[in-house]
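Peer 1: Can you look at this prediction? I've put the sequence above it.
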Amino acid sequence: MTEEKDFCVVASAIYKTIKNSALIQEKMLPEKRLLTSEDMKLWEESQTRADFTKFIMDLAESVKGHENSQYKEPISEPVNSMMNLLSHIRDIVQKHPVIKDADSSRFGKIEFRDFYDEVSQNSRALLRSEFPSLTDGQLEQLSIYLDESWGNKRRIDYGSGHELNFLCLLYGLYNYGVFNLSNDSTNLILKVFIEYLQIMRILETKYWLEPAGSHGVWGLDDYHFLPFLFGAFQLTTHKHLKPISIHNNDLVEMFAHRYLYFGCIAFINKVKSSASLRWHSPMLDDISGVKTWSKVAEGMIKMYKVEVLSKLPIMQHFYFSEFLPCPEGVSPPRGHIHDGTDMDDECNFEGHVHSTWGDCCGIKLPSAIAATEMNKKHHKPIPFD
């Protein structure tokens, strides 16, 4: 009888352990949790946010004084693996050409959804092939951020929240011991992030991705924030180029491939050629009046914390995970887990927040790229063109 009782005690303990492990695993699945202003306060004061912000700062500091081509040799195997993964993403882009007539709309091209679906269906396999040391659980955590890095399937748009997901992917790989920042930080920007940005430029121009909300109209860029931040840090030691130099088109063209910041200005000038920088990018125009790049870099960090990491319309779509733990006291999960389906990122859940213009999913904004391409197509040359 005593042996039977002891067996029951052991069996009960094992059952509780298994049950608790399952609950822990369930809690660790990436999920959206930021729903209220109270949640945001907890997030802003959290160690998770502090650690993630430090990661971005470390990456930014590592490219001070480096041109785009001045990456660190030798390139580590993990960085090469990440470049291989991005090469596979490029290949997927090529498999999904735009077929629909360009005259049909100034909004996003529906073929983007086919690209997104193929990435989502293969994200775990892509990560596993390049990083075989990762466990199935780690692949599950990371694949969500890889999926979300390219834009929103339903709305065919892209913004700083999607860009944030790519940094979360790199942060997760760093937390799982794949990247060593003492060796890889510079190359994570000058190799990996630059390649990611180049792929995004292809997606933006090929599929006419819409800006994810209205911030691009008055902010830095219709789509991106981080290349300006990293780009400002690159230029902090430059003896001759000044923030005001972005108004000199010859200098912009000369340095577009050498520095991220000037590359961004060149891209904006290309897709918004019908108006001056002062008109369509007033914030960039204001920043150009700052005396030094060091001040610009300092301001970029502060601005990123306020305009991205502290904006509920953006952060309500942010996924917490095993390596980005949710602060205690935050609202419970919404009742769904990312599964790559079209409905996962719908914005009709209770408590969903829009700012004045409906930043994440409200007013549709036609791509400036689309407008430029349409204008080119319908332009009637005058005799002295």
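Peer 2: On my side now, so go ahead.
Peer 1: Identify all contacting residues around the helix or strand encompassing Glu163.
Peer 2: Per DSSP states H and E: Glu163 is located in helix 160-175. For helix 160-175, the surrounding residues in contact (CB atoms under 8 Å, 6 or more residues apart in numbering) are 52, 55-56, 78, 82, 131, 138, 141-142, 145-146, 148-152, 179, 181, 188, 192-193, 196, 200, 212, 215, 223-226, 307-308, 314-315, 317-319, 321, 323-324, 360. Where C-beta positions appear, they are placed from N, C-alpha and C, glycine not excepted.
Peer 1: which helices and strands sit right next to the helix or strand following it?
Peer 2: Once helix 160-175 ends, the next helix or strand along the chain (criterion: DSSP H and E) is helix 181-187. Judged by 3 or more CB pairs under 8 Å, 6 or more residues apart in numbering; DSSP states H and E, the packing partners of helix 181-187 are helix 47-62, helix 77-94.
Peer 1: Can I get those in TSV including mean pLDDT?
Peer 2: Formatted as TSV, the helices and strands packed on helix 181-187 follow (pLDDT from 0 to 100):
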stretch	mean pLDDT
helix 47-62	98
helix 77-94	98
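Peer 1: For those helices, please prepare CSV with the additional fields distance to Gly159.
Peer 2: Converted to CSV, these look like this (distance: least, CB to CB, whole Å):
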stretch, distance to Gly159
helix 47-62, 17
helix 77-94, 19
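Peer 1: Any chance of TSV for the ones you listed, columns distance to Leu251 and mean neighbour count?
Peer 2: Listed next are these as TSV, based on distance: least, CB to CB, whole Å; neighbours: other CB atoms under 10 Å:
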stretch	distance to Leu251	mean neighbour count
helix 47-62	23	16
helix 77-94	29	16
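Peer 1: Figure out which of those helices is closest to Leu241.
Peer 2: helix 47-62 (17.7 Å; CB to CB).
Peer 1: Show the secondary-structure elements that the closest one is packed against.
Peer 2: helix 160-175, helix 181-187, helix 226-234, helix 293-307.
Peer 1: Only C-alpha atoms, please: export the longest one in PDB.
Peer 2: In PDB, the C-alpha atoms belonging to helix 160-175 read as follows (Å, rounded to 0.1, in the frame of the first residue of the first chain):
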ATOM      1  CA  SER A 160       8.700  51.200 -39.400                       C
ATOM      2  CA  GLY A 161       6.800  48.500 -37.400                       C
ATOM      3  CA  HIS A 162       7.700  45.900 -40.000                       C
ATOM      4  CA  GLU A 163      11.300  47.100 -40.100                       C
ATOM      5  CA  LEU A 164      11.300  46.700 -36.300                       C
ATOM      6  CA  ASN A 165      10.500  43.000 -36.800                       C
ATOM      7  CA  PHE A 166      13.700  42.500 -38.800                       C
ATOM      8  CA  LEU A 167      15.700  43.900 -35.800                       C
ATOM      9  CA  CYS A 168      13.800  41.600 -33.500                       C
ATOM     10  CA  LEU A 169      14.900  38.700 -35.700                       C
ATOM     11  CA  LEU A 170      18.500  39.700 -35.400                       C
ATOM     12  CA  TYR A 171      18.100  40.200 -31.700                       C
ATOM     13  CA  GLY A 172      16.600  36.800 -31.300                       C
ATOM     14  CA  LEU A 173      19.500  35.200 -33.200                       C
ATOM     15  CA  TYR A 174      21.900  37.100 -30.900                       C
ATOM     16  CA  ASN A 175      20.000  35.900 -27.800                       C
END
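Peer 1: This completes my enquiry, with thanks.
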